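K.L.:
prediction below, plus the sequence it came from.
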Amino acid sequence: MGDDTNGGEHWSASAMWWHVYPLGFTGAPIRDRAESGDSAVVHRLPHIEAWLDHVIELGLNGIALGPVFASSTHGYDTIDHLALDPRLGDDADFGRLITAAHERGIRVLLDGVFNHVGSEHPAFLAAQADPSAPEAALFRLGEGGEAEVFEGHGGLVELDHDSPAVEQLVVDVMGHWLARGADGWRLDAAYAVPSAFWAKVLPRVREQHPDAWFLGEVIHGDYAEIVRESTMDAVTQYELWQGIWHSIAERNLFELEHAIGRGNELLRDFVPYTFVGNHDVTRIASAVGTDFVPHALAVLCTVAGTPAIFAGDEFGWQALKEEREGGDDAIRPEFPADPPAPDTLDPSARHVLDVHRELLALRRRNPWLTRAHTDAVHVANGALVLRTAIGDAGLVTALNLDDEPVTVPAADASAVVAGACELGDGELTLPPRGWAVLEVVLHD
């Protein structure tokens, strides 16, 4: 990972992302594209630009965009890596969004789908029509011209990552959009691509764009080894996501203690990308209940990592991920033309928004949290006390999932900085379903 232009710490060290799925956010048709036609340009991308001030007001400084390139349906079946999806607009719309974001100090992360392409991609169609065509070098084709597909999805044709042609394609695509102003890439389905491929591609891209940041989508496996072998800067920390929502939903905070311990180990090699919601999972308010969204967020904002908020979670939106065609639609809805004024929100949504602003501001005031280790001071099924510290700075995060007050160790906490609790002599008492973040008095 390169240094920033000032020769100091890389910009990603202070990045906090607002994760957006552009096709859903802007109301673009996903499977039935008859309303816009297959190629008609509809300028929907400015819809995202209208929310950039909301990103700043939340306390975030980056937008992590889902797919924006020309595709057949949901964006992950790319048909042209070098063209903006006409359902979103054109190249000029992209340029305006980049400019508007950068004017506000907001970084922009793009979603690179480089494990596979859509079955309607012109290169694949050419390879099927003529197995001796140059485009055939991009794919692993059987004797009958059949292609390998991604996880059984016939519309997603896997690329051949042993092919120099694929390596060059990805280098060219990444370089093109970084030159257009993007700040980095999320590497979709990075877990399905050999680490050796990324280890060839990413250094080549960094030669021309040393400030770029590369995040891999990795669900299972040895995160640290994957980062070391691939040269990616970070991967998605699904272990923490699982630990947060599952431990709250199941009232078993020992699972969260385990996930946090695993996260501490990762810091020797990299800073993980942390989240409690994204475009592929049930929304956090549905997973744990609206009352416990602050608990989940308090953990996210006080443990190590590069945190991301999935757009809409800051209002406590609810939606279930379903395993069927269209099962992602509910968690990827269209957004209003403009952010709602806080005083127009119902009390529950307003509370969740206020907590997001409070905790993200806390995170922003304490940038040391990005690389800080967290210890579990007290763990029970329904109560947890975490202490995160580095050098002369420290915070305590306390959670109560039960319907009765709970008294737990204060771990040297001296003052409440978010949430609510009663702080006594070496102990603190949380109200029913309560949470709090406190400053720590550190001793020599």
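P.N.:
Arrived safely. Residues are numbered from 1 along each chain as shown.

K.L.:
got a list of what Pro131 touches?
P.N.:
For Pro131, the contacting residues are 141, 145, by C-beta atoms under 8 Å, 6 or more residues apart in numbering. C-beta: built from backbone N, CA, C; applies to glycine.

K.L.:
ok, now with 10 Å
P.N.:
139, 141-145 (C-beta atoms under 10 Å, 6 or more residues apart in numbering).

K.L.:
give me the beta-bridge partners of the residue most central in space within the chain?
P.N.:
The centre of the chain sits closest to Ala308, judged by C-alpha atoms, centre = their mean, with a distance of 5.1 Å. Per DSSP bridges, the residues bridged to Ala308 are Trp17, Phe275.

K.L.:
surely it meets Ile284?
P.N.:
No - here Ala308 lies out of contact with Ile284, judged by C-beta atoms under 10 Å, at a distance of 12.0 Å.

K.L.:
what is in contact with these two at once?
P.N.:
Here Ala308 and Ile284 share the contacting residues 275-278, 300, scored by C-beta under 10 Å, 6+ apart.

K.L.:
where does the nearest residue to Asp80 once chain neighbours are set aside fall, phi/psi-wise?
P.N.:
If the residues on either side of it in the chain are set aside, Asp80 comes closest to Ala70, at 3.9 Å by C-beta to C-beta, 6 or more residues apart in numbering. Dihedral pair for Ala70: phi -50, psi 130, per degrees, to the nearest 10.

K.L.:
where do the helices of this structure begin and end?
P.N.:
22-25, 46-49, 52-58, 91-103, 122-129, 164-179, 195-208, 223-230, 238-249, 254-266, 284-288, 293-302, 347-365 (DSSP state H).

K.L.:
so for Ser14, which of those helices sits nearest?
P.N.:
Of all those, it is helix 347-365 that lies closest to Ser14, at 8.1 Å by C-beta to C-beta.

K.L.:
next up, the contacts around Val68.
P.N.:
Each residue near Val68 by C-beta under 10 Å, 6+ apart is listed here: 20, 22-23, 45, 48, 75, 83-85, 87-89, 93-94, 97, 110-111, 177, 182.

K.L.:
just the buried ones from these?
P.N.:
20, 22-23, 45, 48, 75, 84-85, 87-89, 93-94, 97, 110-111, 177, 182 (16 or more other C-beta atoms under 10 Å).

K.L.:
isn't Val288 right up against Leu256?
P.N.:
No - counting by C-beta under 10 Å, Val288 does not reach Leu256; the two are 11.6 Å apart.

K.L.:
low-confidence regions, this structure specifically.
P.N.:
1-7, 33-38, 442-444 (pLDDT under 70).

K.L.:
repeat that with 80
P.N.:
1-8, 31-39, 143-145, 441-444 (pLDDT under 80).

K.L.:
list the contacts of Val173.
P.N.:
69, 78, 81-82, 110, 112-114, 185, 205.

K.L.:
got a quick PyMOL command for the buried subset of the residues you listed?
P.N.:
Those of these that count as buried under 16+ other C-beta under 10 Å are selected in PyMOL with:
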select buried, resi 69+78+81+110+112+113+114+185+205
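
K.L.:
any chance of the contacts of Val173 in TSV, plus distance to Val437?
P.N.:
Below are the contacts of Val173 laid out as TSV (distance: C-beta to C-beta, whole Å):
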residue	distance to Val437
Phe69	40
Thr78	42
His81	43
Leu82	45
Leu110	33
Gly112	35
Val113	38
Phe114	39
Trp185	33
Val205	39
